[in-house]
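A.B. asks: Make a model of this:
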Amino acid sequence: MTETFAPIAAASQRSRVDPFRAMDVLAEANRMRAGGVDVISLAVGQPFAPAPKRAIDAARTILDTGRIAYTDALGRMDLRERLSRHYADYYGCEVSPERIMITTGSSAGFNLAFLAAFDPGDRVAIASPGYPAYRNILKALGLVPVEIEVDAGDGYVLDAARVRAEHEKQPLHGVLVASPANPTGTVTPPEELERLVSFANAAGIHFISDEIYHSLTYGKTEATALSYSASPIVINSFSKFYCMTGWRIGWMVLPPHLVRPIERIAQSLYISAPELSQVAAMAVLDAGDELVQVREGYVANRDFLTQALPHLGFRDIAPIDGAFYAYATLPEGQDDSTAYTRHILETCHVALTPGLDFDPRRGHRTVRLSYACDNASLVEAVRRIEAKL
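C.D. replies: Numbering: from 1, shown residues only. Next comes the predicted model:
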């Protein structure tokens, strides 16, 4: 007997956010694979390499104890202390472990930051194109994403002058900057990042720095917002450089006055990040040699894609300076990124993400490709697309 349901009440207004199209594409690719189709996915930022051996061994050891428990909502102190040393060693930056919170991936970090820093109706500036979850989470929480358009002409960098101009038109309550950025791979120059932080401090608004792609830069200098002030909210993750996407583990660095408010919210929303993942995360911070080898694979993929994209007809390619994405305008004659990526998936069995995910106004003309896959898969994906030209 088939179950039938009559809706009792409508879904909430806050749930009416755009889909995360990269995840929709991934789901369709997975359905095709389940049906026996050999699909190559360039759709999501999923490192091809498994978690480093140190992380696996640490997880196996704690599993053998048979006891994985709740931790403090802020996370295990040994991991927070290790991250404090990471900031000193990597950035020359003093960060107290008391200001560090372990989160269930960076996604939980954004939820907590937005909930603690803003009230319904507050306006938060973000770059467009940009990571779609920023916009969707802000809207779901009753906040107003203020999308400031960037493009190839300004190197896809959101600068302090543009944020100041927007604030003068109508006051902002916060600004979020990602460097390296998704989907463009843009690295905000350190001097511009300092100007952004200084402006936010002077204006009395929250500055949120998404640093989840740190350690994945190529020829550009990356900087943490914490080098310029203790006021920014910094969000980071073990998903990208550390190859731990499915472990759902990340961290935040908080200004002192937000530590307890965010802890209170987290106690009710999440209790704590998974202890198993926290133990593995502490071990992965010492897996530098293995992670550098993975990064070298991205460098090779980046070099290959830089040459291949123009040959395939893609234009206005964003600077591929960091992360593991290429963002480009569609080939001549194509003006519907959703139709184009669907066609490529169906005919070439290659999954790409339509630009509408990242830019609701101009994204029908653009596409994002992830080169976090292994090199052989990337070469084969390009060959398949080229064969259909």
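A.B. asks: Only alpha carbons, please: show stretch 77-87 as CSV.
C.D. replies: Coordinates of each C-alpha in stretch 77-87 appear next as CSV, following Å, rounded to 0.1, in the frame of the first residue of the first chain:
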residue,chain,number,x,y,z
MET,A,77,41.1,21.5,25.4
ASP,A,78,44.0,19.6,24.0
LEU,A,79,42.9,20.3,20.4
ARG,A,80,42.2,24.0,21.2
GLU,A,81,45.7,24.2,22.7
ARG,A,82,47.2,22.5,19.6
LEU,A,83,45.4,25.0,17.3
SER,A,84,46.7,27.9,19.5
ARG,A,85,50.3,26.6,18.7
HIS,A,86,49.3,26.3,15.0
TYR,A,87,48.5,30.1,14.9
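A.B. asks: buried set for that stretch?
C.D. replies: Neighbour-count burial for stretch 77-87 flags Leu79, Arg80, Arg82, Leu83, Ser84, His86, Tyr87 (criterion: 16 or more other Cβ atoms under 10 Å). Yep, even glycine has a C-beta here, placed from its N, CA and C like the rest.
A.B. asks: now the second one: how far from His86?
C.D. replies: So that's Arg80. Distance of Arg80 to His86, computed by Cβ to Cβ, to the nearest Å: 10 Å.
A.B. asks: same thing with Glu263?
C.D. replies: In terms of Cβ to Cβ, Glu263 sits 21 Å off from His86.
A.B. asks: same question, Gly121
C.D. replies: For Gly121 relative to His86 (Cβ to Cβ), the value is 37 Å.
A.B. asks: ranges for the strands of the stretch 151-300 of the chain?
C.D. replies: Listed in chain order, the strands of the stretch 151-300 of the chain (DSSP state E, counting those that start in this stretch) span 174-178, 206-210, 233-237, 250-253.
A.B. asks: All the helices of the stretch 51-200 of the chain, in order from the start?
C.D. replies: Along the stretch 51-200 of the chain, counting by DSSP state H, counting those that start in this stretch, helices occupy 53-65, 77-91, 105-117, 132-140, 160-169, 190-203.
A.B. asks: Ala11 is nearest to which of these?
C.D. replies: Among those, helix 132-140 comes nearest to Ala11, with 11.6 Å by Cβ to Cβ.
A.B. asks: and the closest one with strand 206-210, angle?
C.D. replies: Taking axes from the mean of the first three to the mean of the last three Cα atoms, to 10 degrees, one finds helix 132-140 and strand 206-210 inclined to each other by 150 degrees.
A.B. asks: Which strands or helices does helix 132-140 pack on?
C.D. replies: Judged by 3 or more Cβ pairs under 8 Å, 6 or more residues apart in numbering; DSSP states H and E, helix 132-140 is in contact with helix 105-117, strand 123-128, strand 144-149.
A.B. asks: Quick one: mean pLDDT over the first one.
C.D. replies: Yep, that's helix 105-117 we're talking about. Mean pLDDT, helix 105-117: 97.
A.B. asks: Same question for the second one.
C.D. replies: For strand 123-128, mean pLDDT rounds to 98.
A.B. asks: How far away from the center of its chain is it?
C.D. replies: With Cα atoms, centre = their mean, to the nearest Å as the basis, strand 123-128 stands 15 Å off its chain's centre.
A.B. asks: so what's Ile128 up against?
C.D. replies: Just to correct that, residue 128 is Ser rather than Ile. For Ser128, the contact set (Cβ atoms under 8 Å, 6 or more residues apart in numbering) comprises Glu147, Ile148, Glu149, Val150, Phe358, Asp359, Pro360, Arg361, Arg362.
A.B. asks: And the residues you listed, which is closest to Ile40?
C.D. replies: Phe358 (21.0 Å).
A.B. asks: Would you mind measuring from that closest one to His173?
C.D. replies: Phe358 sits 23 Å away from His173, going by Cβ to Cβ.
A.B. asks: In terms of neighbours, single out the busier of these two.
C.D. replies: Each of Phe358 and His173 has its neighbours counted (other Cβ atoms under 10 Å); Phe358 has more, 28 against 20.
A.B. asks: returning to that earlier point: mind putting the helices and strands packed on helix 132-140 in a markdown table, distance to Ser337 included?
C.D. replies: Formatted as a markdown table, the helices and strands packed on helix 132-140 follow (distance: least, Cβ to Cβ, whole Å):
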| stretch | distance to Ser337 |
| --- | --- |
| helix 105-117 | 24 |
| strand 123-128 | 15 |
| strand 144-149 | 17 |
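A.B. asks: Minimum distance to Leu305: which of these has it?
C.D. replies: Of the helices and strands packed on helix 132-140, nearest to Leu305 by Cβ to Cβ is strand 123-128, at 22.2 Å.
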